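In: Whatever this is, show me its structure:
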Amino acid sequence: MNPLKFIYWIRLGLGIAAAALCALYNVFAQSLTKMDIRVFFSGFSLALLFYLVTYYIIKIKFLYKVEKPSKLVTTGIGIYFFSWIVFWVLFYTLLRGG
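Out: Take a look at the predicted model:
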């Protein structure tokens, strides 16, 4: 499989994992305080931090397997955030009981 296609699918899975992590965090944070816009931005910050950390891990593994190192940043960024927001809403709804 092409390394960029593999990275794309990795980012999809990481988006789902980040969504689960953010949903758990938001349910815990909401149990401590009332729900407001800060909870959304803290979840978004957590997803962004998760993306950056995994970018460096992917960079170490795939740096010499792709033609342009800048492709490591952009490959799969759309699917990561799209899957994150969709699954975050899904997981949050399931954890809060509908």
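
In: Show the contacting residues for residue 87.
Out: Counting by Cβ atoms under 8 Å, 6 or more residues apart in numbering, residue 87 touches 15-16, 19-20, 23. Just so you know, the C-beta spots here come from the backbone N, C-alpha and C atoms, and that holds for glycine as well.

In: what about 10 Å?
Out: Residues touching residue 87, when contacts are defined by Cβ atoms under 10 Å, 6 or more residues apart in numbering, comprise 15-20, 22-23.

In: swap in residue 24?
Out: Neighbour list for residue 24: 91-92, 95 [criterion: Cβ under 10 Å, 6+ apart].

In: PyMOL command to pick out the buried ones of the contacts of residue 87?
Out: In PyMOL syntax, the buried subset of these is picked out as below (16 or more other Cβ atoms under 10 Å):
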select buried, resi 15+16+18+19+20+22+23
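
In: Of the contacts of residue 87, which belong to helices?
Out: Secondary structure assignment (DSSP state H) places 15-20, 22-23 from the contacts of residue 87 within helices.

In: Of the residues you listed, which is the nearest to residue 52?
Out: Comparing the ones in helices among the contacts of residue 87 against residue 52 with Cβ to Cβ places residue 18 closest, at 11.1 Å.

In: Roughly how far does residue 19 sit from residue 91?
Out: Applying Cβ to Cβ, to the nearest Å, one obtains 6 Å for the distance of residue 19 from residue 91.
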